[in-house]
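Colleague: Based on what follows, work out the 3D shape:
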Amino acid sequence: MIDNNTLDDMVKRITEMMPESVQHLHADIEKNLKAGLSGTFQRMDLVTREEFEVQTALLERTRERLTAMESRVQALEKRFLEPQAGHTDHPAPQEGGPA
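Modeller: Numbers count the residues shown, from 1 in each chain. So this is what the prediction gives:
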């Protein structure tokens, strides 16, 4: 969400660009403009640059951890599946049976 300082700055810039003929309505226009912009930005579900940077860093760390886990899983699969590949399905001879 956009912070109040940024919103106030935007409203101030817009109202300063208005013609002198409506300057006597400055306070009302500023109040209504701020409410309208605030509502619009809320519906747009915007985030600040700082929030975006935090989420980007979190995503990068998550990707790194996922890559490391995938490597570990591949190593474990290789370790446990390779010995089974050389294993035959012939039954082992039973002890104590007829000779």
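
Colleague: Run the chain-centre distance for stretch 61-73.
Modeller: Distance, stretch centre to chain centre, for stretch 61-73: 17 Å (CA atoms, centre = their mean, to the nearest Å).

Colleague: Restrict it to CA atoms and write it as CSV.
Modeller: Only the C-alpha atoms of stretch 61-73 are listed here, as CSV (Å, rounded to 0.1, in the frame of the first residue of the first chain):
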residue,chain,number,x,y,z
ARG,A,61,16.4,-17.4,-1.0
THR,A,62,13.5,-19.9,-1.6
ARG,A,63,14.8,-20.7,-5.1
GLU,A,64,18.3,-21.3,-3.7
ARG,A,65,17.0,-23.6,-1.1
LEU,A,66,14.8,-25.4,-3.6
THR,A,67,17.8,-26.0,-5.9
ALA,A,68,19.9,-27.3,-3.0
MET,A,69,17.1,-29.6,-2.0
GLU,A,70,16.7,-30.9,-5.5
SER,A,71,20.4,-31.7,-5.6
ARG,A,72,20.1,-33.5,-2.3
VAL,A,73,17.1,-35.6,-3.5
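
Colleague: Let me know the average pLDDT across that stretch.
Modeller: Across stretch 61-73, the average pLDDT comes to 97.

Colleague: Show me how this structure divides into domains.
Modeller: For the chain, the structural domains run 1-46, 48-84, going by automatic domain parsing.

Colleague: Show the secondary-structure elements that the longest helix seen in the chain is packed against.
Modeller: Using DSSP state H, we find that the single longest helix of the chain is helix 49-85. Under the contact definition 3 or more CB pairs under 8 Å, 6 or more residues apart in numbering; DSSP states H and E, helix 49-85 sits against no other helix or strand. (Each C-beta comes from the backbone N, C-alpha and C, glycine too.)

Colleague: now the chain, which segments are flagged as low pLDDT?
Modeller: Along the chain, segments meeting pLDDT under 70 span 1-2, 84-99.

Colleague: Just give me the residue right at the centre of it.
Modeller: Closest residue to the average C-alpha location of the chain: Gln55 at 4.9 Å, with CA atoms, centre = their mean.

Colleague: Skipping adjacent residues, who's closest to that one in space?
Modeller: Closest residue in space to Gln55, ignoring its immediate chain neighbours: Val47 at 7.7 Å, by CB to CB, 6 or more residues apart in numbering.
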